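# Here you go, sequence then predicted model.
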Amino acid sequence: MKRNFSAILKELGLKKTPKRRAVLEVLADEPGFLSPEEVWHALKDRFETIGLPTVYRNLEELANGGVISTIIHPNRQLYYYYCTRNAGHHHHFICTACRKVEDIPDCAVTVMEGDIITLTGGKIISHIVQFNGLCSTCCGAP
């Protein structure tokens, strides 16, 4: 599937640099999540001068723009995933064994938000929910 990364970057107000587009391409071609170091290794043969700080900066900008998802692994390292369903609020199920990422379309947290507001007297601006586990393949389910 052809993705229009230039249009996505323009919409975010980010420069359409070859390196930034390449970061998106690497993530989009991967069915699971990648570490910044893995993205950098995938790109260093394509670009003579690409440093790890450049990769980190681009990943952060793309994640802040909602184009890619940040995965918080149980090992406390951040990973990144290009979610084809990046429009609209949803969550992910993360297989910690094979790195597969699956969309969870419904958000049960919104039901709890009223109780949380009543309890705290505050205002909820956003929330982050991620489910970690083993996918059906990794846990041997039929």
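That came through, no problem.
# quick one: contacts of the lowest-mean-pLDDT helix or strand in the chain?
The helix or strand of the chain with the lowest confidence, counting by mean pLDDT, DSSP states H and E, is strand 101-104 at a mean of 84. Outside strand 101-104, the residues that touch it by Cβ atoms under 8 Å, 6 or more residues apart in numbering are 31-33, 69, 71, 81, 83, 85, 90-95, 131, 135. Every C-beta, even on glycine, is put in place using the N, C-alpha and C of the backbone.
# so what's the nearest residue to Glu37 once chain neighbours are set aside up against?
Distance criterion Cβ to Cβ, 6 or more residues apart in numbering; nearest residue to Glu37, sequence neighbours excluded, is Leu52 at 6.9 Å. Leu52 makes contact with 36-37, 40 under the criterion Cβ under 8 Å, 6+ apart.
# What about those residues, which are in helices?
Per DSSP state H, helices hold the following members of the contacts of Leu52: 36-37, 40.
# Just put those in TSV and tack on distance to Phe47.
As requested, the ones in helices among the contacts of Leu52 are exported to TSV (distance: Cβ to Cβ, whole Å):
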residue	distance to Phe47
Pro36	15
Glu37	15
Trp40	10
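# Filter the residues you listed down to the buried ones.
Buried members of the ones in helices among the contacts of Leu52, counted by 16 or more other Cβ atoms under 10 Å: 36, 40.
# just to revisit the earlier point, in strands, which of the contacts of strand 101-104 fall?
69, 71, 81, 91-95, 131 (DSSP state E).
# Could you check how far Tyr80 is from Ile125?
23 Å (Cβ to Cβ, to the nearest Å).
# Please say which of those two ends up with more neighbours.
Relative neighbour count places Tyr80 above the other of Tyr80 and Ile125, with 25 against 5, counting by other Cβ atoms under 10 Å.
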